[in-house]
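Asks: give me coordinates for this.
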Amino acid sequence: MKRKRLLYQSRKRGILENDLILGTFAHKYLNQFSDKQLEMYDSIINMPSNDWELYYWSVGRKEVPKHMHNEVMDLLIEFTRNKDKESRIRQPDI
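Replies: Sure, this is the predicted structure:
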């Protein structure tokens, strides 16, 4: 149930940039996450009061606050760098 909620919340952020980043990230990683990692991800996407903050953290424009920095945030930042140049211009199919 938590994975489904997080997938939905990842895809429906309010700004397209986060929809694409978080939607594709969740599609790739949510099913592999442990319960602890799911909690970390839940905090990452639901604690910031401003979605732009989350975007700036993930693209490296702003430093991630210490209370938000964890292994899942590191994975999100690495995913956002997109070193393999994957096409991420649309949401994955559900």
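Asks: and the helix of greatest length in the chain, how far from the chain's centre?
Replies: Scanning the chain for the helix with the most residues, using DSSP state H, yields helix 16-29. Centroid separation for helix 16-29 versus its chain: 6 Å, with Cα atoms, centre = their mean, to the nearest Å.
Asks: and that helix, what's buried?
Replies: Asn18, Asp19, Leu20, Ile21, Leu22, Gly23, Thr24, Phe25, Ala26, His27 (16 or more other Cβ atoms under 10 Å). Where you see a C-beta, it was placed from the backbone N, CA and C, and this is true even at glycine.
Asks: mind listing what the spatially most central residue of the chain touches?
Replies: Central residue of the chain (Cα atoms, centre = their mean): Leu22, 3.8 Å from the mean position. With contact set as Cβ atoms under 8 Å, 6 or more residues apart in numbering, Leu22 has these partners: Ser10, Arg11, Arg13, Ile45, Leu76.
Asks: and the fourth one, what is it in contact with?
Replies: Residues touching Ile45, when contacts are defined by Cβ under 8 Å, 6+ apart, comprise Leu6, Gln9, Ser10, Arg13, Leu22, Leu54.
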